[in-house]
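Asker: please work out how this folds:
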Amino acid sequence: RLGGDAVWRGSVEAASKTQVELDESASGMDGAYVGMTITVGRADDIGDSRGEWDSAIVSSYNGSKRRAEVALERIPPASGPITCVVSTVVPPLFRPMAYHILTAGKSLNVLLLQRHTEQRLRALLFQPPTLPSTLTA
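Answerer: Numbering: from 1, shown residues only. Below is the predicted model of the structure:
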């Protein structure tokens, strides 16, 4: 599931199937990565389909502890350094809005949001405004 824009990349301090503790360079803001995809694996395997890596959606994030709550399918590798990438497909302009929706406990289909957003922005930027039919002769 590694795709979209990489928001953060760094090392993992500790990991289990339900929690991933990121290094000190990760965001210190609560909820910063909620709804984003976190991918963990050995540094030399990440992004390699033959390697031991796994992805999950971040369900909550504690900024002071740099801890993400996740539901990984596999236990992260115990040997060697573990690398982590946090990514999202939400366009940068809409990330603050998506953050507020997700931290309020609401769901958000980011793929539909991205497609709909791109269509609406194109329509607003490249189509001339139209007057309501009641104002035209």
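Asker: in terms of helices and strands, where is residue 55?
Answerer: Under the criterion of DSSP states H and E, residue 55 resides in strand 53-57.
Asker: list the strands paired with that strand, with their directions.
Answerer: strand 37-42 (antiparallel) (DSSP bridges).
Asker: how about the strand it pairs with as PDB, C-alpha atoms only?
Answerer: The C-alpha coordinates for strand 37-42 follow below in PDB (Å, rounded to 0.1, in the frame of the first residue of the first chain):
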ATOM      1  CA  THR A  37      -1.000   4.900   5.700                       C
ATOM      2  CA  ILE A  38       2.000   3.700   7.800                       C
ATOM      3  CA  THR A  39       4.400   1.200   6.200                       C
ATOM      4  CA  VAL A  40       7.000  -0.500   8.300                       C
ATOM      5  CA  GLY A  41       9.800  -3.000   7.400                       C
ATOM      6  CA  ARG A  42      13.500  -3.600   7.500                       C
END
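Asker: ok, back up a step: what's the following helix or strand after the strand holding residue 55?
Answerer: strand 60-62.
Asker: what about the helix or strand following that following strand, average pLDDT?
Answerer: Going down the chain from strand 60-62, the next helix or strand is strand 67-69, by DSSP H and E. Mean pLDDT, computed over strand 67-69, is 96.
Asker: what residues does strand 67-69 touch?
Answerer: Strand 67-69 is contacted from outside by 18, 19, 20, 21, 22, 33, 38, 58, 59, 60, 61, 86, using CB atoms under 8 Å, 6 or more residues apart in numbering. The C-beta positions use only the backbone N, C-alpha and C, and glycine is treated the same way.
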